[in-house]
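**Q** build me a model from this:
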Amino acid sequence: MGKSINAKELIAKRYGKEGSKEREKFREDAFSFYFGEIIKNRRKELHMTQENLAEKVGKKRPYISRIENGEDIQLSNFALIANALGLSIQLSAE
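**A** Modelled structure (predicted):
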């Protein structure tokens with residue numbers, strides 16, 4: 001049997017140690033993907049097309065597609081889209 005490896009070790013091996021540029025890029029990409037999935041799943045729950053959502057927020061359909069595919073999103077646009085989908089955003093101090 002092979003040596004077991006935990007998730008933190010695996011991420012460090014693949015994406016660099018915490019604080020490195022590679023690790024920060026991975027973290028940013030992961031958040032963008034996560035937010036895109038939330039938007040896409042909620043849009044589908046509401047039986048909306050990307051075109052419907054785009055019209056509702058004053059954007060073009062390809063923009064919604066890029067967001068759902070993990071492209072980075074500005075906070076102002078995220079808030080606009082979240083509102084259109086009936087989602088709330090909560091910020092808290094750690």
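
**Q** helix or strand with the lowest mean pLDDT in this protein?
**A** Each helix and strand of the chain was given a mean pLDDT (mean pLDDT, DSSP states H and E); the minimum falls on helix 7-15 at a mean of 87.

**Q** contact partners of that helix?
**A** By C-beta atoms under 8 Å, 6 or more residues apart in numbering, the surrounding residues in contact with helix 7-15 are 5, 18, 22, 23, 25, 26. (Each C-beta comes from the backbone N, C-alpha and C, glycine too.)

**Q** distance from the chain centre to stretch 69-83, please.
**A** The chain centroid and the centroid of stretch 69-83 are separated by 8 Å, computed with C-alpha atoms, centre = their mean, to the nearest Å.

**Q** which residues touch it?
**A** 28-29, 32-33, 35-36, 39, 53, 57-59, 64, 67, 88-89.

**Q** burial check on the closest residue to residue 70 other than its chain neighbours, number of neighbours?
**A** Leaving aside its chain neighbours, residue 70 sits nearest to residue 33 (4.1 Å; criterion: C-beta to C-beta, 6 or more residues apart in numbering). Using other C-beta atoms under 10 Å, residue 33 is surrounded by 14 other residues.

**Q** for residue 33, phi and psi?
**A** Backbone torsions of residue 33, given as degrees, to the nearest 10, read phi -60, psi -50.

**Q** pLDDT at it, what is it?
**A** The score at residue 33 is 95. That number is its pLDDT.

**Q** how far away is it from residue 26?
**A** When distance is defined by C-beta to C-beta, to the nearest Å, residue 33 is 10 Å away from residue 26.

**Q** low-confidence stretches in the protein?
**A** 1-2 (pLDDT under 70).
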